[in-house]
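> Quick one, structure for this:
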Amino acid sequence: MITNVSSHFCFRPVGQGCFYVGNIHVSKDKNFKFVYDCGTNSNITYLKSEVDIYRNRLMNHLNMLVISHFDKDHVNGVVRLLKNVKCVRLVIPYYKTIERLLLYAITDSTDEDYRNLLLDPIAYFRNEQFNIDEIIVIGAGDQDSTIDVLEGVPPERPLLRNLELSEEDSKLFDLYDSTNYSRNGSQHNKDTNFTFSLNSQYTFIKTPYHQRLGPGLWEFVFYLREIENKILMNKFTSDVNILLKKHSINLFELFEKPYIGKLKAIYRRYYGKKLNDTSLVMYHGPYFQYANNVFMDSKKYLGFYSINYGTLLTGDIALNTENKIDRMRNYYGYIFDEIGLLQVPHHGSKYNWCFKHDNGLEEFFYVINHGLGGKHPYPEVINDITTNCIPDGLALNNEVNPFCYRIFCRS
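Sure, this is the predicted structure:
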């Protein structure tokens with residue numbers, strides 16, 4: 001019987017970007033290690049140093065890597081992170097080809113590796129340079145389908161009578177989905193909307209995705225909102241189609257050097273802001289059996305102590321309207337009330353934050369990832385949080401300031 005579960009989490013000091021690491025410790029030989037995003041727009045030296053330090057602790061084994069979206073400041077450390085490391089599960093959001101092309105039009109990067117990632121993320125991560133057991137793509141049924149991302153209430157948590165680790169759990173200490181499914185061969189489960197590849201190395205999931213660690217130890221609940229700037233996206237798509245017809249090429253060829261300059265010119269000419277305002281959001285926290293015997297705190301921030309034990313990682317999602325916040329709250333249901341720490345979206349950008357109150361985002365401890373000397377975080381966001389939210393409830397995570405905390409559970 002498991003009686004205590006300790007866990008440690010940290011936003012590493014990488015500047016304008018995000019490198020969040022977690023370790024859930026159950027016993028001497030059972031640790032679950034995961035990462036959410038790994039990238040920066042700041043001096044790359046900081047990221048390289050932090051990745052190397054973390055890799056030395058991994059012992060060449062990472063249980064889960066989650067990428068919130070494909071902006072470079074969230075992914076440009078992934079290759080270094082996964083070098084000679086076995087990754088059991090990679091979780092990424094689904095973006096249509098036109099959306100990935102948009103990301104490439106926005107970036108000022110000329111890096112060939114980044115181009116290949118946006119061209120075909122599945123092929124990129126199945127390359128021999130990586131050792132990834134399973135890739136889960138959240139948001140659609142197949143490559144470039146027209147299926148919209150579905151929003152709804154995630155699966156209810158099953159009542160568990162004990163916290164015994166099964167023999168299989170003891171051997172693998174791996175993730176298990178709250179809905180069971182077969183890993184053998186190609187199949188489609190109509191009840192859960194899971195679709196499997198022929199070799200079961202990657203899975204597309206178009207329904208809400210809720211997975212748990214072992215029999216009731218920890219849970220991860222993912223949320224992905226579809227891109228909402230549909231009018232501008234349609235205009236961008238129309239302009240791209242004109243370019244395709246003019247040069248008699250296909251969509252994928254626009255990723256090549258002769259055409260990417262023309263694509264960037266279209267974007268600069270007609271679009272004054274970023275069209276992609278969504279990211280793969282991840283909640284994680286102890287299973288509900290622990291609810292009366294858990295605390296969250298940080299040694300550095302002595303004022304940070306919470307009986308709410310969940311963490312919500314938001315990437316660059318826009319939470320700038322009450323409607324967007326309500327949709328996310330409705331999706332998470334009662335899980336939302338268990339959140340103790342919130343990652344402020346998009347490095348504290350005023351364009352991703354809702355300044356109306358009560359907006360439902362007032363009762364957390366907040367962490368902003370940003371770079372020193374940059375425009376983020378916006379002073380308006382800092383002022384809003386310090387004025388309308390929990391006093392002394394904000395930590396700034398940058399090149400010189402990590403933010404680490406722990407969650408301790410007693411059964």
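> Kindly report the domain assignment for the protein.
Per the record, the chain has its domains at 4-226+279-313+401-410, 230-270, by automatic domain parsing.
> now these in CSV, with distance to Leu341?
No exception for glycine: its C-beta is placed from N, CA and C like everyone else's. Below are the domains of the chain laid out as CSV (distance: least, Cβ to Cβ, whole Å):
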stretch, distance to Leu341
domain 4-226+279-313+401-410, 5
domain 230-270, 32
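> Based on its surroundings, how many neighbours for Asn241?
Using other Cβ atoms under 10 Å, Asn241 is surrounded by 12 other residues.
> where does it fall, phi/psi-wise?
phi -60, psi -40 (degrees, to the nearest 10).
> what's the least confident stretch among the domains of the chain?
The weakest mean pLDDT among the domains of the chain belongs to domain 4-226+279-313+401-410, with a mean of 74.
> Looks to me like Val91 is in a helix.
No. Val91 sits outside any helix when classified using DSSP: H, G, I helix; E, B strand; the rest coil, being strand.
> for it, what are its contacts?
Contact analysis of Val91 by Cβ atoms under 8 Å, 6 or more residues apart in numbering lists 64-67, 136, 138, 209, 222, 280.
> Looking at those, which are in strands?
Cross-referencing the contacts of Val91 against strands under DSSP state E gives 64-66, 136, 138, 209, 222, 280.
> Leu9 is in contact with Phe19, isn't it?
One correction, residue 9 is Phe, not Leu. No. In this structure, Phe9 is not within contact of Phe19 by Cβ atoms under 8 Å, at 11.8 Å.
> Looking at these two, which is more packed in?
Phe19 (27 against 22).
> In contact with the residue nearest to His284 when sequence neighbours are not counted, which residues?
In space, and not counting its chain neighbours, His284 is closest to Phe220: 4.9 Å by Cβ to Cβ, 6 or more residues apart in numbering. By Cβ under 8 Å, 6+ apart, Phe220 lies in contact with 64, 175, 210-213, 282-284.
> Near Cys389, how many other residues are there?
17.
> How about the backbone phi and psi for the residue positioned nearest the centre of the chain?
The structure's the chain has its C-alpha centroid closest to Ser68; by Cα atoms, centre = their mean the separation is 3.0 Å. Here is the backbone geometry of Ser68 (degrees, to the nearest 10): phi -70, psi -40.
> Please enumerate the strands of the stretch 301-411 of the chain.
Applying DSSP state E, counting those that start in this stretch to the stretch 301-411 of the chain gives strands spanning 305-306, 310-313, 339-343, 365-369, 394-397, 403-410.
> same deal with the stretch 101-250 of the chain?
131-138, 175-177, 188-189, 194-196, 202-205, 209-213, 218-224.
> Just checking: what are the partner strands of the last one?
The strands beside strand 218-224 in its sheet (DSSP bridges) come out as strand 209-213 (antiparallel), strand 280-286 (antiparallel).
> quick one: the first one to chain centroid distance?
Same thing as strand 209-213. How far strand 209-213 lies from its chain's middle: 14 Å, per Cα atoms, centre = their mean, to the nearest Å.
> Return it as PDB; C-alpha atoms alone will do.
Provided in PDB are the C-alpha atoms of strand 209-213 (Å, rounded to 0.1, in the frame of the first residue of the first chain):
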ATOM      1  CA  TYR A 209      -7.900  13.400 -23.100                       C
ATOM      2  CA  HIS A 210      -7.600  12.400 -19.500                       C
ATOM      3  CA  GLN A 211      -4.800  10.100 -18.400                       C
ATOM      4  CA  ARG A 212      -3.700   8.900 -15.000                       C
ATOM      5  CA  LEU A 213      -0.500   7.600 -13.500                       C
END
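> what angle do it and strand 131-138 make?
Using axes from the mean of the first three to the mean of the last three Cα atoms, to 10 degrees, the direction of strand 209-213 lies 140 degrees away from that of strand 131-138.
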